[in-house]
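Peer 1: Need a 3D model of the sequence below.
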Amino acid sequence: MIEDFLAHTPSAKRCTQFEEVADVICKQGFRMFLGIVPEVKNWNAAKDEFSLLLNDNPLSEFVELPPHCADSLWYSNIICGVIRGALEMIQMEVKCWFVGDTLRGSDSTEIRVKFVKILEDSLPAGED
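Peer 2: This is a model prediction of the structure:
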């Protein structure tokens, strides 16, 4: 997915701060792949953790969770996996999780993203 993003945004430049990463994810990535632009809110003091607020989540438009799944299923959790995977492809490790979801009664869908570390390039075992 990151290759597709980079191919369609040739003007994208290397981010030097995590705030820039959040801005690119929000304004370019979500718009390109889901047709929405979430808000970036709730930065922590260290500026290494933020929330993405999705007022409209196209993945949950025509979905209703069965009562037995309402407390355990995060239906749109694939978004967290895509964010983690895309950032890992550009050598950035993050943690990503849902805080709230409209399918579970929240006013908006909130995804929390936390920077963990920059990943180092390494060769697979046995290759020199």
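Peer 1: immediately after the worst-scoring helix or strand of the chain on mean pLDDT, which helix or strand?
Peer 2: Ranked by mean pLDDT, DSSP states H and E, the helix or strand of the chain with the weakest confidence is helix 2-8, at a mean of 62. Next helix or strand after helix 2-8 toward the C-terminus (DSSP states H and E): helix 18-24.
Peer 1: now the next helix or strand after that following helix, how far from the centre of its chain.
Peer 2: Per DSSP H and E, the first helix or strand lying C-terminal to helix 18-24 is helix 30-34. How far helix 30-34 lies from its chain's middle: 11 Å, per CA atoms, centre = their mean, to the nearest Å.
Peer 1: The next helix-or-strand element following helix 30-34 - contacts with which helices or strands?
Peer 2: Next helix or strand after helix 30-34 toward the C-terminus (DSSP H and E): strand 39-41. Judged by 3 or more CB pairs under 8 Å, 6 or more residues apart in numbering; DSSP states H and E, strand 39-41 is in contact with strand 49-54. Every residue, glycine included, has its C-beta placed from N, CA and C.
Peer 1: Now do the nearest residue to Met92 once chain neighbours are set aside against Leu53, distance only.
Peer 2: With CB to CB, 6 or more residues apart in numbering as the criterion, Met92 has its nearest non-adjacent residue at 6.1 Å, and that residue is Ile118. Distance check for Ile118 against Leu53: by CB to CB, to the nearest Å, it reads 26 Å.
Peer 1: Export stretch 93-113 to CSV, keeping only CA atoms.
Peer 2: C-alpha atoms of stretch 93-113 as CSV (Å, rounded to 0.1, in the frame of the first residue of the first chain):
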residue,chain,number,x,y,z
GLU,A,93,7.5,1.4,14.3
VAL,A,94,4.3,2.5,15.8
LYS,A,95,1.5,1.2,18.1
CYS,A,96,-2.0,1.7,16.9
TRP,A,97,-5.3,0.9,18.6
PHE,A,98,-9.0,1.9,18.8
VAL,A,99,-10.2,4.1,21.6
GLY,A,100,-13.8,4.5,20.4
ASP,A,101,-16.0,3.4,17.6
THR,A,102,-19.4,4.6,16.4
LEU,A,103,-20.4,1.0,16.1
ARG,A,104,-19.9,0.7,19.8
GLY,A,105,-21.9,3.8,20.7
SER,A,106,-19.2,6.5,20.5
ASP,A,107,-19.8,9.9,18.8
SER,A,108,-16.9,9.3,16.5
THR,A,109,-14.3,6.7,15.7
GLU,A,110,-11.0,7.4,17.4
ILE,A,111,-7.7,5.7,16.6
ARG,A,112,-4.7,6.3,18.8
VAL,A,113,-1.2,6.2,17.2
